[in-house]
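> My questions concern the predicted model and sequence given below.
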Amino acid sequence: MSGTWQPLAHPPSFAAGTMLLLTDGTVMCQQNCSNQWWKLSPDATGSYVQGAWTPLAPSPNAPLYYASAVLADGRVFVAGGEYNNCVAADLLTAQIYDPILNKWTVLSPPTPATDWPKIGDAPCCVLPDGRVLLGSIGTTATAIYDPVANTWTATGSKDDPSEEETWTLLPDETILAVECTNIGKAEKYVVAGGKWVSAGATPVILVQASSQEIGPALLLPDGRVFCIGATGHTASTLLRPSPTRWVPGWRGRTSKTCGSRRMRRLACYPTAMCSARPVRFRRMAMDMPSLRTSSNSMEPI
């Protein structure tokens, strides 16, 4: 895959944080460590390079490191926050943003309180039917939010708390999670059965023991998952939905200045989370080569 970067003609005037591509083609962007949000709209020809920034309604809180997802109806789900206004908080909050109304609506958090003392930097994942799976960072509990019914439902318990984990929806409608508390293990949430099952052991250690941090886990076009660790190691799953099989990948350097939590956000969103200073934005145009896939391949990335 090759590509070129182009600077935006109108870079943001603020320190950019989490970004989400909305269903109408605009980009929603949080001003880092604040409750201010912005929208990047492409021009009449569809060019983001010539796009313009406009402010959006401020959110109820100013979270940093939190669960977020774009829903099927175009609304945006936000829950928790390890920090609030850059102060450690582990927020027990949830809200929905409606881009048509430009309005935030506060949601009740999942219950019971014994399972959900906080949400903080919890992981989440949109299920195939549009509901959202959220993990508790203080217990092994997980819950599902239904944006149509506006209700929470408890679901299967994990093998460990969801603290620092990265979740990836697979083509077989399971959700893969490398465990950050039980280092070396992985598990999957089976949507149809509403339960978590073992996904075996990773071939290399991906979680940094001192911080329990890990990097992003990206679904590849051929159905495998490419996991970037916080230890300099990588790994990928094989093309076998059950049981999950793993192979080691390349090894790189770890970064002392860009921790894996920041790395995870950096890989998932087009923003530089390692700096609180304003970001110079560029657009990259990519040429996608043809992909060669084979079932049950043992070929590492």
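Structure's in. What do you need?
> which residues touch stretch 33-41?
12, 14-15, 17, 26-31, 48, 51-62, 64, 83, 85-86, 97, 99, 276 (C-beta atoms under 8 Å, 6 or more residues apart in numbering). (Each C-beta comes from the backbone N, C-alpha and C, glycine too.)
> Please repeat the previous calculation with a cut-off of 6 Å.
In this structure, residues lying in contact with stretch 33-41 by C-beta atoms under 6 Å, 6 or more residues apart in numbering are 26-30, 51-56, 58-59, 62, 64, 86.
> Produce a ChimeraX select command limited to the buried residues of these.
In ChimeraX syntax, the buried subset of these is picked out as below (16 or more other C-beta atoms under 10 Å):
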select :26,27,28,29,30,51,53,56,59,62,64
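> Pick out whichever of the contacts of stretch 33-41 sits closest to residue 121.
Lowest distance from residue 121 to the contacts of stretch 33-41 (C-beta to C-beta) belongs to residue 64, with 8.6 Å.
> my guess is the closest one meets residue 83, correct?
Yes: with contact defined as C-beta atoms under 6 Å, residue 64 and residue 83 form a contacting pair (4.0 Å).
> Find residues that contact each of these two.
Among the neighbours of residue 64, none is also in contact with residue 83 (C-beta under 6 Å, 6+ apart).
> Quick one: neighbours of the closest residue in space to residue 156 that isn't next to it in sequence, just the number.
Distance criterion C-beta to C-beta, 6 or more residues apart in numbering; nearest residue to residue 156, sequence neighbours excluded, is residue 195 at 3.8 Å. By the criterion of other C-beta atoms under 10 Å, residue 195 has 14 neighbours.
> Next: residue 218.
Neighbours around residue 218, by other C-beta under 10 Å: 15.
> if I look at it, how far off is residue 175?
In this structure, residue 218 and residue 175 are separated by 14 Å, where distance is defined by C-beta to C-beta, to the nearest Å.
> One more: residue 141?
15 Å.
> what ranges of this structure fall below the confidence cut-off?
Along the chain, the parts satisfying pLDDT under 70 run over 1, 238-243, 249-301.
> Which residue ranges of it form helices?
Under the criterion DSSP state H, the chain carries helices at the ranges 260-268.
> Next, work out how far apart residue 51 and residue 101 are.
As for residue 51, its distance to residue 101 is 22 Å (criterion: C-beta to C-beta).
> likewise residue 150?
In this structure, residue 150 lies at 15 Å from residue 101, with C-beta to C-beta as the measure.
> just residue 144 next, same as before
For residue 144, the distance to residue 101 (C-beta to C-beta) stands at 25 Å.
> the more surrounded of these two?
Between residue 144 and residue 101, counted using other C-beta under 10 Å, residue 144 has the larger neighbour count: 19 against 10.
> Show me what that one is bridged to.
Using DSSP bridges, the beta-bridge partners of residue 144 come out as residue 133, residue 153.
> OK, contacts around the closest residue to residue 189 other than its chain neighbours?
Once flanking residues are discounted, residue 189 sits nearest to residue 175: 4.2 Å by C-beta to C-beta, 6+ apart. With contacts defined as C-beta under 6 Å, 6+ apart, residue 175 is in contact with 125, 167, 169, 189.
> what about residue 175, distance to residue 5?
Distance of residue 175 to residue 5, given as C-beta to C-beta: 32 Å.
> likewise residue 209?
Taken as C-beta to C-beta, the span from residue 209 to residue 5 is 35 Å.
> separation between the residue lying closest to residue 106 once chain neighbours are set aside and residue 105?
Among residues not flanking residue 106 along the chain, residue 95 sits closest, at 5.2 Å (C-beta to C-beta, 6+ apart). The span separating residue 95 from residue 105 equals 6 Å under the rule C-beta to C-beta.
> Those two - which one has more neighbours?
Neighbours around residue 95 and residue 105, counted as other C-beta under 10 Å, are more numerous at residue 95. The numbers are 16 against 13.
> For that one, give me its contacts.
Contact criterion C-beta under 6 Å, 6+ apart gives 60, 78, 104, 106-107 as the residues in contact with residue 95.
> Swap in 7 Å and give it another go.
The contact partners of residue 95, taken as C-beta atoms under 7 Å, 6 or more residues apart in numbering, are 59-60, 78, 104-107.
> Drop anything exposed from these.
Among the contacts of residue 95, those that count as buried by neighbour count (16+ other C-beta under 10 Å) are 59, 78, 104, 107.
> For the residue nearest to residue 156, give its distance to residue 202.
Distance, residue 195 to residue 202, using C-beta to C-beta: 21 Å.
> got it, and residue 164?
15 Å.
> ok, the residue nearest to residue 71 when sequence neighbours are not counted - how many residues close by?
Using C-beta to C-beta, 6+ apart and skipping the chain neighbours, the partner closest in space to residue 71 is residue 147 (5.2 Å). Summarising burial for residue 147: neighbours were counted as other C-beta under 10 Å, giving 18.
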